[in-house]
Structure formats: structure tokens, C-alpha cells
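Participant: Let's see this in three dimensions:
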Amino acid sequence: MLLAVHTGRRKNVMTDSYKEIINELGEKNKIIAIVPCIHDRSEFHENFTSVIKENFSFLNKLFAIFKAALLAFKIRGIVKSYKIKKVFIFFDNNYFNIFLTVFLARINIAYYIWMHDPELHLGERRITKIVRVFNIKFLYKKTEKIFVSWGGAKKFVSSYYGIEEWKVIPIRLPELKSISFSDIKPAPFDKCRYDLIFFGRIEEYKGIELLVDSLLHLNSMGKNLRLLIAGTGNFEWEILEKVKDNKNIIFINNYVPDRELAQLIAASKIAVMPYKDASGTQTIQIANFYNKPVIASNKGCFPEYIENGVNGLVFEDYSVIGLSKKITELTDNEKLYKKIQSKIAPYFKKKFTLKKMIKKLEEEIQYL
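Facilitator: Presented below is the predicted three-dimensional model:
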């Protein structure tokens, strides 16, 4: 039996990805799933042995801690009752993992962990840093296998956390089906409402200010490009201040439903991800699904997920000039843009399908 665990109160890429991944796993009668409170039980396959919806993430701190402890205690009983030997933790930074690890401490359990952020991001919350310290001291070294979303993270995780290298398994993050609408077609090059789009959480480490500065630089040279930014986050006020009164920059500073976001991506020429630091991502997959090339920095998984001239471009010179150069390579060259577009679909099918990822995950956990 396998226990799969993820918690969360916010609908985002992580909760959606978890839902899609475990719903695709085989032999669901061998799986008990702990699911985020933002999702309904009905969104998960009926063939799971049990689907338990966590009930603490929406609560204030004291009640949340109490409820989290109660759930961990309940899971302890389930683990013993069903003789569960393997636990798959989808996101290692959730504070619930502290309670889970403590309550399962005296039970012989093999942990399989998805480490989304081998290095914590710039501006990360204090609670996340506390959870990481706990994981280093009590969880990582007794984990059976740690999954990372790109090959370059393997050696870093092994050396930095003192984990045997064979235990660190790179598995590329797949497509995100919840935002993949086959009836939404990409706008042609000359019919796009926006030249550039950034979508996702508005956080300091994502480098959105570099994108804004690059647009201002290019437009000062007569380009007249339009940028759309869509999302909310801890760094939104800084970006709001930076883009105010600029008619060429549209900032949708609220949660954008999946279908609406898909339409915005389809109406844009290029997705730009100018991250200062990065780990894994599904933004490339989302943009590529709508046949849109991605320009990204050479951080984290980007150099592995983007093949230059195939599904986008990677820039190494992290500066206004460096990013501006890559933007103009595509906005000023419709022939190159369409050449890249013609290669995106075959690349997507080869690299980003969910079934490919699921097969690898099942092979490594071996719960079937």
C-alpha cells in the first residue's frame, strides 16, 4: 500500500499537479490519498482505497496546528491498520510534513519525496525555512528516494544535503491538463493582442522587474511592445508601483481562472520567465501547449526544459540588454518565430507528456 500526501489551501500549479499525477497512477486500490482542502473529494478517482481531505489549511494558525496534529495522528492509525510501508510526499516544504514525520517516527516507513525547491527561493517565507531545517535534520537522510524535476539538481542535492546520489532521481515535470483546453487556438503572429506575457505567482525571485525594464528599454527605442502580467503574490506591490501609468503594460493583479488564463496565453506571442533563481516549472509546458515559445533565464530547470530554437530561447546575460536581445530575436523575426512554432508540438509530445512522467514515478516507487 502507498500513502500519497499533499496539503494546501490555495488552488495553484502544485495542488493541480498533485491531483493530476495521483489520479493517473495505476492500481488505485493500493493507494490512500491525502488531498488538499482546496479540492473536492469528487475530483479524485473513485477507485482509491480512501481519499482523505485535509481540513486545517483554511484555519488560523493555532487551530490549523491543532487540526494538523489530529490529522497526522489519524494517519498514524491508518498506516498501522492498512500496514502501509511507503509514503509519497509530493511537496517537501509543507509544514504538515513535520507532524506527519513525528507521528510516524516509530513506524517502519519508506519515504519518497518530491523536492520541488532544492535551493529555497529569494524572499522565501520564514515557515518554509523552518520546515527545510527540520527536513534536513530528520527527514531527508532517511528518505528512500528524492525526486527532483531536472537533472542539474541531482548532484547539488546529493552534495548539499549529504544524500547518496543514487537516491536522487530526476523526473521532468509534465503538462498540466487542468489548463490545457484543446478548443482554445493560438492567435497568429500578427493577430496577438500582447507581445509578451508573464503569468504565475508574483514573487521577488521571478525577476519580473527585469522584464518590465527590458520592455521600457525596447519601447524607448520605438518598438511599441505590449506586456501582460497576470497573477498575485508577495511582490505584487513593487510591480504595481513599477508599471503604473504605463499603457503598454497590463497587470491583471488577481487570481485568473484556468480557462481565462489559457485565452490570455493564446492571445500572446511569447511567454517570458526572467527568473533570478528557479527550480522546476510547468509554465513552459503551459505556454508550449498553446504553441507559444518561451524566453527564460538560464536558471534551474530552464536550460533543460527549453531547447534553443526548438520551443524557445534561453538568455545567459541576465541584464536588460541580454533579455531585450532575445525578445527582439523573436518579435522582429516572424520567420524564426514560425520556425520555432513548427517544432514545439513534436518536442512537447516527446518531453512533457503526463504518461511518461507517471511511468517513471511508478518504476521508482514500486508500489504496484
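
Participant: which is the next helix or strand following the longest helix seen in the chain?
Facilitator: Assignment by DSSP state H gives helix 61-82 as the longest helix of the chain. Where DSSP states H and E defines the elements, the next helix or strand beyond helix 61-82 is strand 86-89.

Participant: Identify the residues contacting that following strand?
Facilitator: 1-6, 79, 97, 100, 104, 109-114, 144, 365, 367 (C-beta atoms under 8 Å, 6 or more residues apart in numbering). C-beta coordinates here come from the backbone N, C-alpha and C atoms, glycine included.

Participant: Just the buried residues from those, in PyMOL please.
Facilitator: Applying 16 or more other C-beta atoms under 10 Å to those, the buried members can be selected in PyMOL as follows:
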select buried, resi 1+2+3+4+5+6+79+97+100+104+109+110+111+112+113+114+365+367
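
Participant: Could you tell me which of the contacts of strand 86-89 belong to strands?
Facilitator: If you go by DSSP state E, the contacts of strand 86-89 have L2, L3, A4, V5, A110, Y111, Y112, I113, W114, E144 in strands.

Participant: Skipping its backbone neighbours, what lies nearest the last one in space?
Facilitator: In this case it means E144. A110 (4.2 Å; C-beta to C-beta, 6 or more residues apart in numbering).

Participant: Quick one: residues contacting the one you found.
Facilitator: Contact analysis of A110 by C-beta under 8 Å, 6+ apart lists K85, K86, V87, E144.

Participant: With respect to A267, which of the residues you listed is nearest?
Facilitator: V87 (42.5 Å; C-beta to C-beta).

Participant: Per-residue pLDDT of the closest one, please?
Facilitator: V87 carries a pLDDT value of 97.

Participant: Equivalent analysis for the one 4 residues further on, please.
Facilitator: According to the prediction, F91 has pLDDT 89.

Participant: cool, and L368?
Facilitator: pLDDT, L368: 67.

Participant: Start the count at 5 instead of 1 going forward.
Facilitator: In the new count, where the first residue is 5, that last one comes out as L372.

Participant: What is the neighbour count of Y309?
Facilitator: Neighbour count for Y309, taken as other C-beta atoms under 10 Å: 28.

Participant: Next, count neighbours for S46.
Facilitator: 7.

Participant: mind listing the strands for the stretch 205-354 of the chain?
Facilitator: Under the criterion DSSP state E, counting those that start in this stretch, strands of the stretch 205-354 of the chain are mapped to 231-234, 253-256, 272-277, 298-301, 316-319.

Participant: Relative to D262, which of these is closest?
Facilitator: Judging the strands of the stretch 205-354 of the chain by C-beta to C-beta, what sits closest to D262 is strand 231-234, at 11.7 Å.

Participant: What strands line up against the closest one, and which way round?
Facilitator: Strand 231-234 has its sheet partners listed here by DSSP bridges as strand 198-203 (parallel), strand 253-256 (parallel).

Participant: Tell me what angle the helix or strand of the chain with the lowest mean pLDDT forms with helix 65-86.
Facilitator: Ranking every helix and strand in the chain by mean pLDDT, DSSP states H and E puts helix 130-138 at the bottom, with a mean of 91. Angle between the axes of helix 130-138 and helix 65-86 is 40 degrees (criterion: axes from the mean of the first three to the mean of the last three C-alpha atoms, to 10 degrees).

Participant: helices or strands next to helix 130-138 in the packing?
Facilitator: helix 100-107 (3 or more C-beta pairs under 8 Å, 6 or more residues apart in numbering; DSSP states H and E).

Participant: Leaving out the residues flanking it, which one is nearest to the residue nearest to the spatial centre of the chain?
Facilitator: Centroid check for the chain by C-alpha atoms, centre = their mean gives T285 as the closest residue, at 4.2 Å. If the residues on either side of it in the chain are set aside, T285 comes closest to C305, at 6.0 Å by C-beta to C-beta, 6+ apart.
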